[in-house]
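Trainee: Can you look at this prediction? I've put the sequence above it.
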Amino acid sequence: MDHRHGSCCGRWVYRSLIRAGHSRSRGVILRAKIAAIEYFLPQAVLSNTELALEFPDWSVEKIESKTGITERHIAAEGECSSDLAFEAARKLFASGVCSPSQIDYILLCTQSPDYWLPTTACLLQHRLNVPQSAGALDFNLGCSGYIYGLGIAQGLIETAQANNVLLITAETYSKFLHRRDKSVSTLFGDAAAATLITGIENAGAFIGPHVLGTDGSGAGNLIVQTGGMRNPRTPESGRLQEDDSGNIRCADNLYMNGAEIFNFALRVVPKTVHTLLERAGKKLDDIDLFVFHQANQFMLDHLRKRLKIPQERFSVAMRHCGNTVSSSIPIALKDSVEKGILHPGNVVMLVGFGVGYSWGATLIRWDPSNRGDAKATDCEIAALKMG
């Protein structure tokens with residue numbers, strides 16, 4: 001598997017030129033489904049060997065045993081979330097799944113936008129040559145973002161506001177981290193994923209039901225304290241401090257209380273899984289594959305064992321990219337296809353949880369479409385290569 005670029009896990013046949021409004025006028029009910037996923041990882045790699053040199057008390061083996069990660073991809077200086085998002089979307093279009101002209105909504109999940117304003121999704125609309133008739137918006141969520149994005153896309157399609165939604169998750173968390181803070185620098189990697197969600201005429205559901213949750217009382221346990229309107233960055237906020245574990249950071253950096261995040265996940269995730277199963281009228285054995293947010297190996301192992309999920313039905317895909325926040329679930333879906341553990345017709349449970357606190361879970365019926373004749377034209381691809 002090409003861990004930098006991924007490989008195509010789904011191709012979409014553009015079965016009709018029916019737009020959402022026309023479908024509604026004919027009384028056609030559209031169902032939203034995931035048609036294809038592509039992802040992109042930046043070129044620079046931070047390995048466990050490099051981290052072990054930074055933290056002599058943590059060997060290469062110890063880092064991997066604690067995190068399940070051997071390397072993370074790091075955005076270059078001047079390389080922003082929109083750049084990663086552009087590359088992931090460009091791969092989607094180049095694959096033959098669809099063309100930019102067929103997208104009528106862009107959803108971008110990011111907590112590291114290029115600017116406070118304008119909206120980064122608007123910049124991507126222009127850069128990707130998506131029609132000006134398309135909607136575009138950013139939404140600020142972390143590890144639960146992919147679940148929320150699927151719900152928003154489904155709502156847009158099934159209320160006839162859009163037919164082809166480009167859901168992009170993109171983060172450059174590395175720009176928030178201090179290299180001497182091993183509690184976060186050993187975990188997070190930068191990435192973007194592009195998911196095509198399309199409407200098809202079908203009586204069956206491909207996405208849902210959904211279970212969502214929020215607890216803002218945990219906000220301080222995973223936070224960048226400065227840089228917003230509440231606490232602007234100042235010379236004082238940039239003053240480095242060392243905590244009791246020897247981690248060095250300042251108020252401008254990402255802070256994570258790992259113990260509290262772990263306790264939150266163990267408290268919320270099992271309950272969310274059981275609630276979703278009950279809402280869907282299913283049992284644990286009815287789920288072919290479980291794809292959780294790829295937080296770290298230690299946490300995933302505890303959750304899997306507590307829920308009594310067989311290891312062969314539980315996706316783990318962070319070894320070569322780290323915790324990629326909102327992109328971890330789509331990357332894991334593609335990885336599962338590559339490993340041969342995800343097949344058309346499978347019922348998959350997706351669970352995201354983290355910063356906020358925010359969490360969400362949904363079921364999908366995996367039905368990637370085949371390559372069609374609606375691929376981006378050579379001119380469109382050439383324009384995208386120019387960026």
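Mentor: Nice, I can see it.
Trainee: dump the residue contacts of the residue nearest to the spatial centre of the chain.
Mentor: In the chain, the residue lying closest to the centroid (C-alpha atoms, centre = their mean) is residue 327, at 2.1 Å. Contacts for residue 327 (C-beta atoms under 8 Å, 6 or more residues apart in numbering) come out as 39, 146, 169, 170, 171, 191, 192, 193. From N, CA and C alone the C-beta is placed, and that goes for glycine too.
Trainee: Please name the nearest non-neighbouring residue to residue 358.
Mentor: Using C-beta to C-beta, 6 or more residues apart in numbering and skipping the chain neighbours, the partner closest in space to residue 358 is residue 144 (4.3 Å).
Trainee: Mind giving me the packing neighbours of the helix or strand encompassing residue 138?
Mentor: Per DSSP states H and E: residue 138 is located in strand 135-139. Helices and strands touching strand 135-139, by 3 or more C-beta pairs under 8 Å, 6 or more residues apart in numbering; DSSP states H and E, are strand 105-109, helix 120-127, helix 145-158.
Trainee: Can you list the low-confidence ranges for the chain?
Mentor: 1-27, 202-203, 370-387 (pLDDT under 70).
Trainee: mind checking how far the top helix by length along it is from the chain centre?
Mentor: Longest helix in the chain, counting residues (DSSP state H): helix 258-280. Distance of helix 258-280 from the chain centroid (C-alpha atoms, centre = their mean, to the nearest Å) equals 19 Å.
Trainee: now what about the next helix or strand after it, what contacts it?
Mentor: The helix or strand immediately downstream of helix 258-280 is strand 289-292, counting by DSSP H and E. Contacts to strand 289-292, defined as C-beta under 8 Å, 6+ apart, come from residues 269, 300, 303-304, 309, 313-315, 329, 332-333, 336, 341-342, 346-353.
Trainee: So the residue nearest to residue 358 sits against residue 352, correct?
Mentor: Yes. Counting by C-beta atoms under 8 Å, residue 352 is a contact partner of residue 144 at 3.8 Å.
Trainee: what residues do these two have in common as contacts?
Mentor: 293, 326, 358, 359, 360.
Trainee: Can you tell me which of the contacts of residue 327 lies closest to residue 274?
Mentor: For these, the minimum distance to residue 274 (C-beta to C-beta) is 20.8 Å, reached by residue 146.
Trainee: Correct me if wrong: the closest one contacts residue 168.
Mentor: No. Between residue 146 and residue 168 there is no contact under C-beta under 8 Å: 10.3 Å.
Trainee: which one of the helices and strands packed on strand 135-139 has the most crowded surroundings?
Mentor: Neighbour counts (mean count of other C-beta atoms under 10 Å) averaged over each of the helices and strands packed on strand 135-139 peak at strand 105-109, with a mean of 27.
Trainee: packing partners for that strand?
Mentor: Packing partners of strand 105-109 (3+ C-beta pairs under 8 Å, 6+ apart): helix 120-127, strand 135-139, helix 145-158, strand 164-171.
Trainee: got CSV for these, with distance to residue 71 too?
Mentor: Putting these into CSV (distance: least, C-beta to C-beta, whole Å) gives the following:
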stretch, distance to residue 71
helix 120-127, 27
strand 135-139, 29
helix 145-158, 22
strand 164-171, 17
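Trainee: what about residue 285, how many residues close to it?
Mentor: 8 (other C-beta atoms under 10 Å).
Trainee: and what of the one 3 residues further on?
Mentor: When counting by other C-beta under 10 Å, one arrives at 16 neighbours for residue 288.
Trainee: before we move on, what about residue 220?
Mentor: 11.
Trainee: cool, and residue 94?
Mentor: So residue 94, with other C-beta under 10 Å, has 17 neighbours.
Trainee: so how far is residue 197 from it?
Mentor: Taking C-beta to C-beta, to the nearest Å as the criterion, residue 94 is separated from residue 197 by 19 Å.
Trainee: Then residue 155?
Mentor: Relative to residue 197, and taking C-beta to C-beta, residue 155 is found at 11 Å.
Trainee: for residue 307, same thing?
Mentor: Going from residue 307 to residue 197 by C-beta to C-beta gives 27 Å.
Trainee: Which one's more surrounded, the two?
Mentor: Taking neighbours as other C-beta under 10 Å, residue 307 and residue 197 compare with residue 197 leading, 27 against 16.
Trainee: from memory that one sits against residue 153, does it?
Mentor: Yes. Under the criterion of C-beta under 8 Å, residue 197 makes contact with residue 153 at 4.3 Å.
Trainee: Give me the common contacts of those two.
Mentor: Residues touching both residue 197 and residue 153 (C-beta under 8 Å, 6+ apart): 32, 165, 167.
Trainee: Show me what the last one is bridged to.
Mentor: Spelled out, it's residue 167. Residues in a beta bridge with residue 167, per DSSP bridges, are residue 107, residue 195.
Trainee: and it, how many neighbours does it have?
Mentor: Residue 167 has 25 nearby residues by other C-beta under 10 Å.
Trainee: wait, what's in contact with it?
Mentor: So residue 167 contacts 107, 109, 146, 149, 150, 153, 194, 195, 196, 197 (C-beta under 8 Å, 6+ apart).
Trainee: quick check, nearest of the residues you listed to residue 70?
Mentor: Out of the contacts of residue 167, the member with the shortest distance to residue 70 (by C-beta to C-beta) is residue 146, at 23.3 Å.
Trainee: if I look at the residue nearest to residue 362 when sequence neighbours are not counted, how far off is residue 336?
Mentor: When the adjacent residues along the chain are set aside, residue 362 lies closest to residue 210, with 4.7 Å between them (C-beta to C-beta, 6+ apart). Separation of residue 210 from residue 336 (C-beta to C-beta) stands at 21 Å.
Trainee: quick check: domain ranges of the protein?
Mentor: 20-203+369-385, 209-365 (automatic domain parsing).
Trainee: Just say which of those domains is most tucked in.
Mentor: domain 20-203+369-385 (a mean of 20).
Trainee: Residue 52 against residue 46, yeah?
Mentor: No. Applying C-beta under 8 Å, one finds residue 52 not in contact with residue 46, separated by 11.3 Å.
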